[in-house]
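> please work out how this folds:
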Amino acid sequence: MTGTYENGIYREGDVRLSDLSGRRRLPIGRDGFATAVQESVVIDKSLLIADVLNSSAAVTLFCRPRRFGKSLNMTMLKSFFEIPPASDPNAEDAAYLFEGLSIWDADDGRYREHQGAYPVIYISFNPVKKQCWEDAWGALNQLIVWEYIRHGYLSDSAELNEQERAYFERVAGWEAADGDIESSLINLTRLLFKHHGRRPVVLIDEYDAPVMAARDNGYYDEMVSFLKGWLTAALKDGGQALAFACLTGVQRISKESIFSDLNNLVVNTSLNAKYDERYGFTEDEVRALANYLGQSAHFPEMRQWYDGYRFGSVDVYNPWSVLNYFDNDCECAPYWGNTSSNAPIAAMVRGGDARLMRKVYELLKAGGSVEAALDLSVVFGDLDARPEALWSLLYLAGYLTTDDTEQPNSKDVVRRLRIPNLEIASLYRSEIIDRFAQIAGGRDCLIDLHRALIDGDACLLAEELEDVLLNSASFYDLTSENSYHMLLVGLLFGVPGYGNPASNREAGRGRFDIRLAPERAGLPAVTLELKFEHGADASRLQVLATEALAQIEARAYDADTARGGAGAPSTAGSLRYGIAFSGKSLAVAAERRPS
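Residues are numbered from 1 along each chain as shown. Model prediction:
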């Protein structure tokens with residue numbers, strides 16, 4: 001270790017790690033702050049507490065991708081601020097959890113007076129992901145009732161009158177009348193304020209989870225109507241009984257009218273510089289964690305796989321993937337991608353036309369990017385009416401990032417978007433392979449096509465490609481060389497032993513069409529040149545294929561690959577293909593050149 005460990009806190013520069021147990025155990029799947037701090041290593045993000053207290057915003061919505069620490073931060077706020085409810089058997093004074101963290105020392109300890117000083121309402125909507133409104137309504141009821149039960153001491157409060165205690169007991173006793181649930185949030189804030197003589201803090205985690213489920217399952221209007229009234233009443237109309245409120249979610253949904261009446265709401269997204277270090281792990285935090293765990297040798301590899309996000313003015317790592325990387329003996333894998341269906345990427349890749357796929361392939365190039373304006377109020381359903389919303393959705397969900405974070409609230413600034421790291425690139429690659437396996441007739445057919453290509457079997461390759469054109473080419477409007485080009489690039493993702501296909505790059509004395517570079521020794525470099533001609537017959541197609549093959553030699557497209565480029569593995573020579581298309585017919589010419 002390069003830092004110091006004392007009283008359960010590891011310090012390295014300005015970074016602090018809490019490990020009260022001393023076991024160097026990682027908090028995989030532990031969203032509850034108290035449990036995570038007591039049992040595992042936690043990177044100190046406690047200055048978020050100071051940020052919230054210093055903010056002029058009455059209500060703040062934090063929008064970040066999934067698994068970037070939203071729930072852990074929300075439960076941290078709960079642990080810090082809450083007066084332990086007397087009726088909660090698990091409640092205890094949480095001061096000891098924070099005594100070694102940055103918030104305890106900040107500004108000469110002036111924030112300590114806020115620890116354990118507020119009644120807190122905490123609800124996570126993550127469980128409200130149901131297939132029908134009736135089930136969703138039942139789940140909402142349960143969450144609200146259990147929060148009332150957690151504050152069960154109110155049923156005996158001498159500060160409440162008889163009618164207030166009767167209302168509380170109806171809700172907490174699962175006997176809520178019509179309208180009781182709709183007004184339950186504002187009423188609980190009022191009851192807590194009256195009992196404690198101190199305005200409560202409201203924390204709503206994953207507020208957008210039920211909205212997204214409702215949109216997907218046909219009860220969107222009912223859910224939005226409920227949430228708008230439930231939240232607005234407490235966060236605006238009930239402001240006299242509220243200290244402050246924080247909400248989290250992936251998507252903003254402000255234009256969807258949930259927050260249309262909340263003029264005291266401030267939305268904080270990944271574009272904003274404020275709070276930019278509070279979500280995700282910074283470079284210094286990851287380096288300190290690696291040193292503490294004795295894994296500093298793996299730091300460069302981890303950076304390539306899990307770094308690359310820009311939040312405001314700070315570069316950050318994906319925290320979920322970093323923790324799982326260390327927990328799995330530093331094995332690189334798409335840990336974050338494996339926690340969801342990756343629906344935004346899947347929708348883009350599986351439904352994209354040739355123009356969109358060209359942009360996807362551009363993103364996957366080294367240093368590749370696309371340019372687009374970001375409207376962070378979009379939601380997934382907007383894709384039907386506004387295809388350009390795709391880029392904003394991918395950004396919000398964490399599948400793209402941008403270094404252009406100026407004017408964060410502008411919808412008109414065109415920003416250069418890029419894939420953050422190798423983990424996210426691997427998710428795009430997987431979705432492309434899945435789509436083109438379907439186009440090829442299944443994964444086995446795609447494997448056969450790849451094998452024919454690498455074996456230099458021009459006849460079998462022609463057969464496999466003809467099957468694609470005859471059976472699945474409706475995915476593309478095959479009317480130009482470009483449309484065939486885009487189809488073939490997609491089919492060549494996932495060739496064993498090779499990286500992603502390169503397309504339209506300068507080489508030799510021109511620009512090749514497609515190239516596959518081997519990632520291990522003993523495989524040939526593969527260069528493909530394509531031709532297209534309307535109405536060409538079989539004889540003419542063969543001539544065109546032969547001309548395409550000759551063009552590779554004449555323009556030296558593969559001169560730099562025959563023996564492997566600088567830093568590349570040595571190759572088994574090179575394979576050249578000339579392929580000519582017309583309609584659903586084609587011809588293939590091939591030759592192998594030794595190294």
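
> roughly how far apart are the residue nearest to the spatial centre of the chain and Met212?
The chain has Gly398 as the residue nearest its centroid, 3.1 Å off, counting by CA atoms, centre = their mean. Distance, Gly398 to Met212, using CB to CB, to the nearest Å: 15 Å. All C-beta spots, glycine's among them, are computed from the backbone N, C-alpha and C.

> quick one: list the elements packing against the helix or strand bottoming out on mean pLDDT in the chain.
None of the helices or strands of the chain scores lower by mean pLDDT, DSSP states H and E than helix 343-351, at a mean of 79. In terms of contacts (3 or more CB pairs under 8 Å, 6 or more residues apart in numbering; DSSP states H and E), helix 343-351 is packed against helix 354-363, helix 389-397, helix 422-439.

> among those, which is nearest Arg165?
Minimum separation from Arg165 across those (CB to CB) falls at helix 389-397, 43.5 Å.

> how far off centre is the least confident helix or strand of the chain?
Relative to its chain's centre, helix 343-351 lies at 14 Å (CA atoms, centre = their mean, to the nearest Å).

> related to what we said a few turns ago, give me the phi and psi for the nearest residue to the residue nearest to the centre of the chain once chain neighbours are set aside.
The shortest distance from Gly398 to any non-neighbouring residue, by CB to CB, 6 or more residues apart in numbering, is to Pro65 (2.9 Å). Dihedral pair for Pro65: phi -60, psi 160, per degrees, to the nearest 10.

> the residue nearest to the centre of the chain: what's it in contact with?
64-66, 68, 309, 318, 336, 420, 424 (CB atoms under 8 Å, 6 or more residues apart in numbering).

> for it, grab phi and psi.
With angles defined as degrees, to the nearest 10, Gly398 sits at phi 100, psi 10.

> what of Ser124?
Torsion angles, degrees, to the nearest 10, at Ser124: phi -110, psi 130.

> next one: the closest residue to it other than its chain neighbours from Phe125, what distance?
Distance criterion CB to CB, 6+ apart; nearest residue to Ser124, sequence neighbours excluded, is Asp205 at 4.0 Å. Counting by CB to CB, the gap from Asp205 to Phe125 is 7 Å.

> go on, Gly109?
As judged by CB to CB, Gly109 and Phe125 stand 35 Å apart.

> neighbour count winner among the two?
Phe125 (23 against 10; other CB atoms under 10 Å).

> Provide a list of residues in contact with the more buried one.
Phe125 touches 143, 204-210, counting by CB under 8 Å, 6+ apart.

> could I get the residues you listed as a markdown table with neighbour count, distance to Val349 and pLDDT?
A markdown table is the format used below for the contacts of Phe125 (neighbours: other CB atoms under 10 Å; distance: CB to CB, whole Å; pLDDT from 0 to 100):
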| residue | neighbour count | distance to Val349 | pLDDT |
| --- | --- | --- | --- |
| Leu143 | 16 | 35 | 97 |
| Ile204 | 24 | 33 | 97 |
| Asp205 | 23 | 31 | 97 |
| Glu206 | 22 | 26 | 95 |
| Tyr207 | 24 | 29 | 93 |
| Asp208 | 22 | 24 | 90 |
| Ala209 | 19 | 24 | 91 |
| Pro210 | 25 | 27 | 93 |
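
> can I take it that Gly578 is in a helix?
No. Counting by DSSP: H, G, I helix; E, B strand; the rest coil, Gly578 is not found in a helix; it is strand.

> going by distance to Ala389, which of the contacts of Phe125 wins?
Closest to Ala389, out of all of these and judged by CB to CB, is Asp208, at 15.6 Å.

> in space, what's closest to that closest one - neighbours in sequence excluded?
Nearest non-adjacent residue to Asp208, counting by CB to CB, 6+ apart: Gly249, 3.7 Å away.

> against Ala57, how distant is Leu235?
Distance, Leu235 to Ala57, by CB to CB: 11 Å.

> likewise Tyr428?
Tyr428 sits 36 Å away from Ala57, going by CB to CB.

> quick one, which of the two is more surrounded?
Using other CB under 10 Å, the more surrounded residue of Tyr428 and Ala57 is Tyr428, with 24 against 16.

> mind listing what that one touches?
Shown in contact with Tyr428 (CB under 8 Å, 6+ apart): 345, 349, 360, 363-364, 399, 419.

> which of the residues you listed are buried? Put it as a PyMOL command.
Per 16 or more other CB atoms under 10 Å, the buried members of the contacts of Tyr428 correspond to this PyMOL selection:
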select buried, resi 345+349+360+363+364+399+419
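
> just flag the most distant two among the contacts of Tyr428.
Maximum pairwise distance among the contacts of Tyr428 (CB to CB): 13.1 Å, between Val349 and Ile419.

> Arg190 is in contact with Leu154, correct?
No. In this structure, Leu154 is not within contact of Arg190 by CB atoms under 8 Å, at 10.8 Å.

> so for these two, which sits in the more crowded spot?
More crowded of Leu154 and Arg190, by other CB under 10 Å: Leu154, with 25 against 19.

> which secondary structure element contains Ala589?
strand 585-593 (DSSP states H and E).

> so what touches that strand?
Residues outside strand 585-593 that contact it (CB under 8 Å, 6+ apart) are 456, 458-459, 461-462, 465-466, 469, 524, 536, 538, 541-542, 544-546, 548-549, 558, 562, 573-580.

> tell me the contacts of the nearest residue to Asp284 once chain neighbours are set aside?
In this structure, Asp284 finds its nearest non-sequential neighbour in Val15, 5.2 Å apart by CB to CB, 6+ apart. Contacts for Val15 (CB under 8 Å, 6+ apart) come out as 3, 43-44, 284-285, 288.

> and the gap between His151 and Arg110?
According to CB to CB, His151 stands 28 Å off from Arg110.

> comparing these two, which residue is more hemmed in?
His151 (23 against 10).

> contact partners for that one?
By CB under 8 Å, 6+ apart, the contact set of His151 is 85, 87, 119, 188, 191-192.

> measure it to Val267 for me?
The gap separating His151 from Val267 is 29 Å, by CB to CB.

> buried sites along stretch 388-401?
389-401.

> shared neighbours, Leu235 and Ala57?
Jointly contacting Leu235 and Ala57 under the rule CB under 8 Å, 6+ apart are 264-265.

> just the strands in the stretch 151-300 of the chain please.
Listed in chain order, the strands of the stretch 151-300 of the chain (DSSP state E, counting those that start in this stretch) span 201-205, 244-249, 265-268, 281-282.

> where among these is average confidence lowest?
With a mean of 90, strand 265-268 has the lowest mean pLDDT of the strands of the stretch 151-300 of the chain.

> quick one: that one to chain centroid distance?
For strand 265-268, the distance to the chain centre is 20 Å (CA atoms, centre = their mean).

> what lies in contact with it?
With contacts defined as CB under 8 Å, 6+ apart, strand 265-268 is touched by 55, 57-63, 235, 252, 254, 259, 274-275, 376.

> buried ones among these?
For the contacts of strand 265-268, buried by 16+ other CB under 10 Å: 55, 57-63, 235, 252, 254, 259, 275, 376.

> in helices, which of the residues you listed appear?
Using DSSP state H, the subset of the buried ones among the contacts of strand 265-268 located in helices is empty.

> before we move on, the earlier item: now, the most widely separated pair of the contacts of Phe125?
Using CB to CB, the contacts of Phe125 span at most 15.0 Å, a distance reached by Leu143 and Asp208.

> so where's the stretch 201-350 of the chain uncertain?
237-239, 253-257 (pLDDT under 70).
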